[in-house]
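Enquirer: predicted model and sequence follow; I will ask about them next.
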Amino acid sequence: MEKLFFFLSRPEDLILVKDGLDPNLLADWKELGWEMGTETKEGFLLPEDLSLVEWGQLHNFTDGSLVIDRSLLEKSSYLNSKLIQNDWKEDSGLSPLWTKRISSEDSLIDFLNELESPVVLKSEFGLAGRNQIAITSKSQSWKLQQITKRLFRYPILAEEWVGESRFYDFSTLWDFSNTGPVYLGSTEMIVEEDGTFRGIKMSPQTEINLVPYLDLCFHTVKTVSRTSEFSHLGPAAMDGFLFRSQEGKTVCQPMSEINFRYSMGRILYEIRKRRLVKEFESGILFLPLSKIRSWSEWAWISKLRNDTNSVLFYVTPARDERGKLFQNVGLYYEANEQMDGPSLFAKIAEEWQALGM
């Protein structure tokens with residue numbers, strides 16, 4: 001994630017990284033015209049008057065090192081807790097779905113024994129749909145074995161599971177100021193059937209799709225701002241989705257959760273802003289590398305650029321400093337007059353799938 005801060009930086013900024021940036025990646029960014037800050041590491045001699053910007057808000061910068069601030073940690077834990085956020089939704093009637101807080105394994109077993117409709121179990125903290133378990137029938141009680149590994153600890157949250165009736169995932173982007181939240185835009189999230197996050201995209205069509213639901217999103221985020229015991233300043237992303245009711249009507253869940261930090265959507269927003277992209281779709285895809293055995297990332301992207309005549313670049317490195325592939329690589333794509341968003345997306349997917357054959 002730290003490498004993504006290069007896209008938020010100015011030439012005079014310093015980006016604190018644990019591992020050095022791949023020279024090929026940096027050269028590619030510069031060739032594309034990016035003007036970025038300079039990488040640095042903890043322990044290097046740095047000016048004392050630096051201001052700190054980080055993914056979340058947890059640290060102070062002291063004597064050249066990041067030091068956890070306990071008060072900031074408490075605030076972040078409160079704001080980003082799914083349990084606290086569910087209390088906001090219940091107290092203010094912000095969700096169309098029922099939920100239940102479960103405090104122990106015995107309570108969960110009793111709850112599942114009386115289960116009459118599918119649920120999804122969520123941990124208090126988690127990323128990208130990884131820390132949740134869908135249970136669609138009593139016969140799936142064997143999934144309780146996954147609680148410790150995927151949900152970590154009690155209490156957990158049980159929420160009504162809409163399953164296949166869920167058809168559109170989105171995220172609204174906000175900047176919280178002293179006067180309240182300011183709307184920046186919306187992204188469409190690319191999510192697999194099991195809930196795994198694979199990327200986001202933005203386009204004029206995304207905004208059009210969400211026009212009927214923006215008033216509800218505004219009401220929700222303003223209610224959250226008033227309800228929270230802690231005030232927040234800075235970026236936030238509120239994830240939501242659309243689903244169809246049993247009567248066939250489209251229903252909006254405006255806040256599945258809200259992340260009080262930088263998000264992938266905010267990174268994409270900033271890239272589009274700097275590249276002056278307004279008319280065309282662009283997005284960031286996270287391509288899985290776990291099944292790839294032999295791959296030249298630079299030959300692959302060079303061919304794809306030539307085949308599509310499109311702007312494409314990696315936003316995260318594909319390999320660590322030893323040359324070992326990471327679990328995934330982030331790829332930015334940008335449609336144009338010659339190739340629209342869906343066509344470019346399909347071409348990338350086709351070329352990626354061919355690698356695994």
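Expert: Yep, it's here.
Enquirer: contacts only, for Asn336.
Expert: Listed by CB atoms under 8 Å, 6 or more residues apart in numbering, the contact set of Asn336 reads 280, 309-311. For glycine as for every other residue, the C-beta is placed from the backbone atoms N, C-alpha and C.
Enquirer: mind picking the two most distant members of those?
Expert: Phe280 and Asn309 (13.0 Å; CB to CB).
Enquirer: which of the two has more neighbours?
Expert: Phe280 (19 against 11; other CB atoms under 10 Å).
Enquirer: can I assume the more buried one is in contact with Gln338?
Expert: No. Distance between Phe280 and Gln338: 10.6 Å, which falls outside the contact criterion (CB atoms under 8 Å).
Enquirer: run through who's touching stretch 222-229.
Expert: 78-79, 85, 88, 91-92, 94, 176, 180-181, 231-232, 255, 258.
Enquirer: dump those residues into JSON lines; add pLDDT, neighbour count and distance to Thr40 as well.
Expert: Output for the contacts of stretch 222-229, formatted as JSON lines (pLDDT from 0 to 100; neighbours: other CB atoms under 10 Å; distance: CB to CB, whole Å):
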{"residue": "Tyr78", "pLDDT": "96", "neighbour count": "15", "distance to Thr40": "31"}
{"residue": "Leu79", "pLDDT": "97", "neighbour count": "22", "distance to Thr40": "29"}
{"residue": "Gln85", "pLDDT": "97", "neighbour count": "26", "distance to Thr40": "35"}
{"residue": "Trp88", "pLDDT": "97", "neighbour count": "18", "distance to Thr40": "39"}
{"residue": "Asp91", "pLDDT": "94", "neighbour count": "10", "distance to Thr40": "44"}
{"residue": "Ser92", "pLDDT": "95", "neighbour count": "14", "distance to Thr40": "44"}
{"residue": "Leu94", "pLDDT": "95", "neighbour count": "20", "distance to Thr40": "42"}
{"residue": "Phe176", "pLDDT": "96", "neighbour count": "19", "distance to Thr40": "28"}
{"residue": "Gly180", "pLDDT": "92", "neighbour count": "13", "distance to Thr40": "35"}
{"residue": "Pro181", "pLDDT": "96", "neighbour count": "19", "distance to Thr40": "32"}
{"residue": "Ser231", "pLDDT": "93", "neighbour count": "11", "distance to Thr40": "31"}
{"residue": "His232", "pLDDT": "95", "neighbour count": "20", "distance to Thr40": "28"}
{"residue": "Met255", "pLDDT": "97", "neighbour count": "23", "distance to Thr40": "37"}
{"residue": "Ile258", "pLDDT": "96", "neighbour count": "26", "distance to Thr40": "32"}
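Enquirer: and the furthest pair within those residues?
Expert: The distance between the two most remote of the contacts of stretch 222-229 (CB to CB) is 19.9 Å, for Asp91 and Phe176.
Enquirer: any low-confidence regions in the stretch 151-300 of the chain?
Expert: Flagging of the stretch 151-300 of the chain using pLDDT under 70 yields the residue ranges 194.
Enquirer: go again using 90 as the cut-off
Expert: Counting by pLDDT under 90, the stretch 151-300 of the chain has low-confidence residues at 151-153, 163-164, 191-197, 290-294.
Enquirer: which residues in it form helices?
Expert: For the stretch 151-300 of the chain, applying DSSP state H, counting those that start in this stretch gives helices covering 204-210, 214-227, 264-275, 297-308.
Enquirer: out of those, deepest packed?
Expert: helix 264-275 (a mean of 20; mean count of other CB atoms under 10 Å).
Enquirer: confidence score at Asp320?
Expert: On the pLDDT scale, Asp320 is placed at 88.
Enquirer: likewise the one 3 residues further on?
Expert: Note on Gly323: pLDDT of 88.
Enquirer: helix, strand or coil: sort out it for me.
Expert: The local conformation at Gly323, judged by DSSP: H, G, I helix; E, B strand; the rest coil, is coil.
Enquirer: give me phi/psi at it?
Expert: Here is the backbone geometry of Gly323 (degrees, to the nearest 10): phi 90, psi 0.
Enquirer: quickly note the distance from it to Asp22.
Expert: Distance of Gly323 to Asp22, given as CB to CB, to the nearest Å: 10 Å.
Enquirer: out of the two, which sits in the more crowded spot?
Expert: The residue with more neighbours, out of Gly323 and Asp22, is Asp22; 19 against 8, by other CB under 10 Å.
Enquirer: what's the nearest residue to the more buried one if we skip its chain neighbours?
Expert: Among residues not flanking Asp22 along the chain, Pro317 sits closest, at 4.8 Å (CB to CB, 6 or more residues apart in numbering).
Enquirer: nothing else from me, thank you.
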